[in-house]
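here you go, sequence then predicted model.
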There are 2 protein chains.
Amino acid sequence: MTRILVISDGRYTTQLRQECPDLEVHIRPIGQPMAEGIAEVIGRLGIGRLAFEAMAVSVAEFETLRQKLTVELVGVQGRVEALRMIKDPAEIAAIRAAIACAETAFAMLCAGLKADDSEKDVADALEMDLRRCGATAASFAPIVAVGPHSALPHARPSAVTRLGSADFVLIDWGADGAGYKSDLTRVLVTGKVSAQLERVYRCVLAAQERGIAMVRPGVRARDVDAEVRSILEDAGFGHFFSHGTGHGLGLEIHEAPMLRRESEAVLQPGMVVTIEPGVYLPDWGGVRIEDDVLVTPDGHEVLSHVPKVLDAVVVGSRQEQ
Amino acid sequence: MTRILVISDGRYTTQLRQECPDLEVHIRPIGQPMAEGIAEVIGRLGIGRLAFEAMAVSVAEFETLRQKLTVELVGVQGRVEALRMIKDPAEIAAIRAAIACAETAFAMLCAGLKADDSEKDVADALEMDLRRCGATAASFAPIVAVGPHSALPHARPSAVTRLGSADFVLIDWGADGAGYKSDLTRVLVTGKVSAQLERVYRCVLAAQERGIAMVRPGVRARDVDAEVRSILEDAGFGHFFSHGTGHGLGLEIHEAPMLRRESEAVLQPGMVVTIEPGVYLPDWGGVRIEDDVLVTPDGHEVLSHVPKVLDAVVVGSRQEQ
């Protein structure tokens, strides 16, 4: 029989009693470090072997545990991650809600964009729109990257670079709903659609659609990555696709499975993954298109629905307000 | 001579070139895991011993490194933390700016509070006010805890609990400025000042002021904690002060030194620490008062200036809008 026991401290005494009244709890007294709390509990339980999550315990913490404990310590990996990789219906519903929230917030944002908004203005407005739509917060600091800034896949919003200073902006955002998260990326046209933008965008979109089409149970994650990569390579952009094709999402914004070259994962029903190829041309800019995709028993369902057409977006100016 | 080399991946190629043009960089090609990237660089450099930060490397990562590398691995601790513990003038200026930002945002927030604002409304408004004042974001998810909720030191804002439902609200917030952070807590009166609130508040304030008064070079962090704790114990609240007295802050919201019972730290000029005793009475509520304090060569300077008087705050109602 499984016995669950939480070791915590006085900051959480009342919260644990309120939220988890049936849980067995050891509250460390003031001055008792975690390792000593574990030693006390283990001594009481008469345990001989103790497993720990090897990805979540640092070498320093492990050394302290080894000094304080007389039990055998066994590092394990991937057990919680494997449980979390397959979402149950309630988790999928929570991810759907987080996507709906992100999509409504994005529509609100787009309706109010102005040519002289800075990247930071847009990121701040998006954060607030997400919260107005019910999110606890953005699921990560939104990326808002105008023109050349979008050549940095993880660009940080600038308070001086304005939407009107280039022909397009890349926005990567998501909502943190009831614990579960969403993660989307779109490129919006804020000026004219140059031949270069059209060429890069069409190519990334084709790669993304091909990647999505491959998602079904039994397919290796690395094969999705390889297929998406080959399309960009054939177009001469292979060198400019500098990250993996996607990742699982759920309680964390990045979790198992990873869709990249060295991944060992095989897609299974209940996984929710992003498909997000990108092409980043230094000094010119980058295009990334990202959707959230559920693996279903007989294929997939694209959970996100923001349009991917390369239309000129009307961006108002302050004068029109 | 120190040689600095960063191992990164393609997502950061352009950003590294732009922001750190003089830095030696190894960009891992697609499909090369970090451990293999480290192995390649080490092989090229002919290194025999490699130190790593034992607090920042997981047991799983360490095992992978041990398999891939033939060098001797030496875990070290506290070197970066010790450098960061003492702030230079530019860092202190950045913390001052983050405090000023948090204080202005708090004044904006207080001016607009309404009795039927939910905890989440207040947290969302505070996030936006902080950004309007120039913060990148809040330095952590603000705690806004009305009445009994404030008995949870790390309460999460509720969308249904409203300011008008109790006599006071605890707000713990900070700004992330140019990397450096601030961290403050105040209790605002939203109704009448009960005898219990007055008693708890006076006691916490006395303990906090005593703690601040003790801050000077050469004093042990644990002695500040012991003194603050003794004041609350003498008042019969010892059991209800369920955390340490304070912590360093800087690039992270919690960093060295810790001001608590088991701390080995001694205060030194250039440290910036919080002093934040609290008393949490289950089902009634909690009072915490937190300021940011600089250790100066001959004492201390309280960097934060939000008033700590227990006045009745005017909280408007929607009808008055």
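The structure has been received and is ready for your questions. Residues are numbered from 1 along each chain as shown, chains lettered A, B, ... in the order given.

dump the residue contacts of the spatially closest residue to residue A:81 that is not a sequence neighbour.
Closest residue to residue A:81 apart from its sequence neighbours, by C-beta to C-beta, 6 or more residues apart in numbering or on different chains: residue A:256 at 4.7 Å. Quick note: C-beta positions are derived from backbone N, CA and C, even for glycine. Residues near residue A:256 by C-beta atoms under 8 Å, 6 or more residues apart in numbering or on different chains: A:78, A:81, A:82, A:84, A:85, A:248, A:265.

residues from the stretch 1-150 of chain A in reach of chain B?
Neighbours of chain B within the stretch 1-150 of chain A, by C-beta under 8 Å from any C-beta of the partner chain: A:9-15, A:17-18, A:30-31, A:33, A:52, A:54-63, A:75, A:77, A:120, A:124, A:127-128, A:131-132, A:136-137, A:141.

got a ChimeraX select line for the buried ones in those?
Buried members of the residues of the stretch 1-150 of chain A next to chain B, defined by 16 or more other C-beta atoms under 10 Å in any protein chain shown, are picked up in ChimeraX with:
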select /A:9,10,11,12,13,14,15,30,52,54,57,58,59,60,61,62,75,120,124,127,128,131,136,137,141
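
now, the residues of the stretch 1-150 of chain A next to chain B that are in strands?
Using DSSP state E, the members of those that fall in strands are A:9, A:52, A:75, A:137.

mind checking the SS state of the residue of the stretch 151-300 of chain A found nearest chain B?
Nearest to chain B, among the residues of the stretch 151-300 of chain A, is residue A:242, at 2.7 Å (C-beta to the nearest C-beta). What DSSP: H, G, I helix; E, B strand; the rest coil gives for residue A:242 is coil.

now it: closest residue in space that isn't a chain neighbour?
residue B:10 (2.7 Å).

might you report the residue contacts of the one you found?
Counted by C-beta under 8 Å, 6+ apart, residue B:10 has contacts A:242, A:243, B:27, B:28, B:29, B:30.

interface residues of the stretch 151-300 of chain A facing chain B?
Going by C-beta under 8 Å from any C-beta, the residues of the stretch 151-300 of chain A near chain B are A:151-155, A:229, A:241-243, A:260-262, A:280, A:282.

just the buried ones from those residues?
A:151, A:152, A:153, A:155, A:229, A:241, A:242, A:243, A:260, A:261, A:280.

next SSE after whichever helix or strand the fifth one is part of?
If you go by DSSP states H and E, residue A:229 is part of helix A:221-234. Next in sequence after helix A:221-234, counting helices and strands by DSSP H and E, comes strand A:246-248.

tell me what that following strand is packed against?
strand A:255-259, strand A:272-275 (3 or more C-beta pairs under 8 Å, 6 or more residues apart in numbering or on different chains; DSSP states H and E).

which of those is buried the deepest?
Comparing these by mean neighbour count (mean count of other C-beta atoms under 10 Å in any protein chain shown), strand A:272-275 ranks first with a mean of 27.

average pLDDT for that one, rounded please.
Averaged over strand A:272-275, pLDDT sits at 98.

same question for stretch A:179-199.
95.

end-to-end on that stretch?
38 Å (C-alpha to C-alpha, to the nearest Å).

now it: buried residues?
A:180-191, A:197.

can you say which two of those residues are spatially most distant?
A:180 and A:191 (36.0 Å; C-beta to C-beta).

rewinding a little: which of the buried ones among the residues of the stretch 151-300 of chain A next to chain B lies closest to residue A:204?
With C-beta to C-beta as the yardstick, the closest approach to residue A:204 among these comes from residue A:241, at 8.6 Å.

please tell me how far that closest one sits from residue A:203.
To residue A:203, residue A:241 is 10 Å away according to C-beta to C-beta, to the nearest Å.

which neighbours do these two share?
Contacts common to residue A:241 and residue A:203, judged by C-beta under 8 Å, 6+ apart, are A:232, A:279.

what count of nearby residues applies to residue A:291?
The local packing of residue A:291 (other C-beta atoms under 10 Å in any protein chain shown) involves 24 other residues.

same question but for residue A:98, I mixed them up
29.

show me what secondary structure element comes after the helix or strand of chain A with the lowest mean pLDDT.
Ranked by mean pLDDT, DSSP states H and E, the weakest helix or strand in chain A is helix A:13-19, scoring a mean of 90. Next along the chain after helix A:13-19, taking DSSP H and E as the criterion, comes strand A:24-28.

how about that following strand: buried residues?
Buried-residue list, strand A:24-28, by 16+ other C-beta under 10 Å: A:26, A:27, A:28.

before we move on, the earlier item: ok, of the ones in strands among the residues of the stretch 1-150 of chain A next to chain B, which one's closest to chain B?
Distance to chain B across those (C-beta to the nearest C-beta) is lowest for residue A:75, with 5.2 Å.

number of nearby residues for residue A:47?
Residue A:47: 12 neighbours (other C-beta under 10 Å).

ok, now how distant is it from residue A:2?
Where residue A:2 is concerned, residue A:47 sits at a distance of 14 Å (C-beta to C-beta).

next: residue A:100.
Counting by C-beta to C-beta - residue A:100 and residue A:2 are separated by 35 Å.

which of the two has more residues huddled nearby?
residue A:100 (18 against 3).

from residue B:45, how far out is the nearest residue to residue A:72 once chain neighbours are set aside?
Nearest residue to residue A:72, sequence neighbours excluded (C-beta to C-beta, 6+ apart): residue A:49, at 4.6 Å. Separation of residue A:49 from residue B:45 (C-beta to C-beta) stands at 40 Å.

end to end on stretch A:188-200, go ahead and measure it.
For stretch A:188-200, the end-to-end distance is 13 Å (C-alpha to C-alpha).

relative to the whole chain's centre, how far out is it?
Relative to its parent chain, stretch A:188-200 has a centroid offset of 27 Å by C-alpha atoms, centre = their mean, to the nearest Å.

cool, and stretch A:57-77?
Using C-alpha atoms, centre = their mean, the offset of stretch A:57-77 from its chain centre is 30 Å.
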